[in-house]
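*Asks:* Sequence plus predicted model, see below.
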Amino acid sequence: LDVTVDEALEAGSYGPGATAAERALGASLRQKVMDRVMDRVKFSARQQSVGRQLALGMAVVVAAVCSAAIVPAQTVAPPGVPPVAGPPAAVPPAVGDVDLAGSRVYVFVGKTGLGHNHAVVGLLHAGRVVIGAAEQAGMLVFDMQSFRADTAEARKALGLQGQTDSWTQQQVTTNMTGADVLDVAHHPTATFQIRSALAAPRQAANRPPVYELVGVFTLRGQAREVVIPVEVEQRGGWLRLRGMFSIKQTDFGMKPYTKLGGAVGVADELRINGDVLVRAAGPTHGNGAGASAAGGVGR
């Protein structure tokens with residue numbers, strides 16, 4: 001306290017025998033002591049209040065810092081580096097797009113001499129056919145490495161009786177894809193560039209409409225003009241195209257397989273059958289949608 005020891009002693013030294021002046025002086029000194037004591041008490045209270053306010057403020061700051069610390073960090077790309085996008089959404093098929101999984105190519109290979117008829121099946125690598133287009137009607141790309149001979153599916157689709165064992169299938173496939181015939185090592189694909197896909201001038205009664213696919217068929221680097229008539233059926237949002245055209249192996253630089261001096265062999269002519277699903281221009285009322293609704297292949 002700011003009260004001196006002498007003042008405190010003097011304030012308490014005037015007892016009942018003191019004069020009036022001494023008692024007045026003692027009372028004044030005692031009041032001075034009490035005033036200073038109260039001032040000190042008030043100052044201490046203010047210090048405690050400030051301390052409590054400081055403590056409360058620090059608690060708020062700590063809480064804010066802790067809250068900021070647990071907020072998940074936001075990933076920020078470095079300057080000049082675009083953010084990484086998520087996987088793109090699946091793109092629906094456009095009009096004319098071929099359903100590759102639901103489409104097939106079948107080839108009938110006739111026999112010569114003592115040989116046997118063969119059935120071949122293959123897939124398309126890519127494709128687009130716009131039915132009704134007068135120009136730039138699309139393209140079919142054949143995956144020649146996918147072609148297999150005498151599978152059960154191929155024989156059934158082309159109406160051949162009986163089954164062929166796996167060893168014979170492999171032997172015929174090896175001969176067919178080798179250098180003398182398809183030469184798939186150097187020519188893995190064949191193409192049909194479609195110039196137009198217009199309705200045929202003559203239509204049969206009680207049959208699906210027929211369109212003529214006019215274009216250039218390229219196999220083993222050799223190109224030939226072809227016209228393929230196809231029946232077109234609506235199946236939900238898809239069109240099923242079925243047609244056939246013939247080629248000669250020798251026109252495309254291929255040598256028809258023979259053995260035993262020609263006693264066993266295959267014919268020069270090949271009959272190529274297509275069973276292709278393409279996206280229709282709009283939804284139709286059919287028996288389903290897509291390849292599964294169309295019933296798959298070999299139908």
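*Replies:* Great, that's in hand.

*Asks:* any idea how far Gln136 lies from Ala200?
*Replies:* When distance is defined by C-beta to C-beta, to the nearest Å, Gln136 is 19 Å away from Ala200. C-beta here means a position set from N, CA and C on the backbone, and glycine is covered the same way.

*Asks:* you'd agree Val214 is up against Gln193?
*Replies:* No: assessed by C-beta atoms under 8 Å, Val214 is found out of contact with Gln193, at 10.1 Å.

*Asks:* Let me see the ranges of the strands in the chain.
*Replies:* Here the chain has its strands, by DSSP state E, at 104-113, 118-129, 138-149, 189-199, 210-219, 222-235, 238-248, 258-259, 264-279.

*Asks:* tell me the mean pLDDT over the last one?
*Replies:* Predicted confidence along strand 264-279 averages 94 (mean pLDDT).

*Asks:* any weak-confidence spans in the protein?
*Replies:* 1-92, 261-262, 282-299 (pLDDT under 70).

*Asks:* Mind doing that once more with 90?
*Replies:* 1-95, 111-116, 236, 257-265, 281-299 (pLDDT under 90).

*Asks:* Domains in it, by residue range?
*Replies:* For the chain, automatic domain parsing gives the domain ranges 5-69, 104-294.

*Asks:* Who are the contact partners of the closest residue to Ala134 other than its chain neighbours?
*Replies:* In this structure, Ala134 finds its nearest non-sequential neighbour in Ser196, 5.4 Å apart by C-beta to C-beta, 6 or more residues apart in numbering. For Ser196, the contacting residues are Ala133, Ala134, Glu135, Ala137, Glu212, Leu213, Val214, Gly215, by C-beta atoms under 8 Å, 6 or more residues apart in numbering.

*Asks:* quick one: Ala149 and Thr173, what's the gap?
*Replies:* Per C-beta to C-beta, Ala149 is found 5 Å from Thr173.

*Asks:* between these two, which one's more packed in?
*Replies:* Counted by other C-beta atoms under 10 Å, Ala149 and Thr173 do not tie: Ala149 has more neighbours, with 23 against 18.

*Asks:* Minimum distance to Gln169: which of the strands of the chain has it?
*Replies:* Closest to Gln169 of the strands of the chain, according to C-beta to C-beta: strand 138-149, at 5.8 Å.

*Asks:* and the residue nearest to Leu114 when sequence neighbours are not counted, bridged to which residues?
*Replies:* Nearest residue to Leu114 in three dimensions, chain neighbours excluded: Val264, at 5.1 Å (C-beta to C-beta, 6+ apart). Counting by DSSP bridges, Val264 forms beta bridges with Gly113, Lys259.
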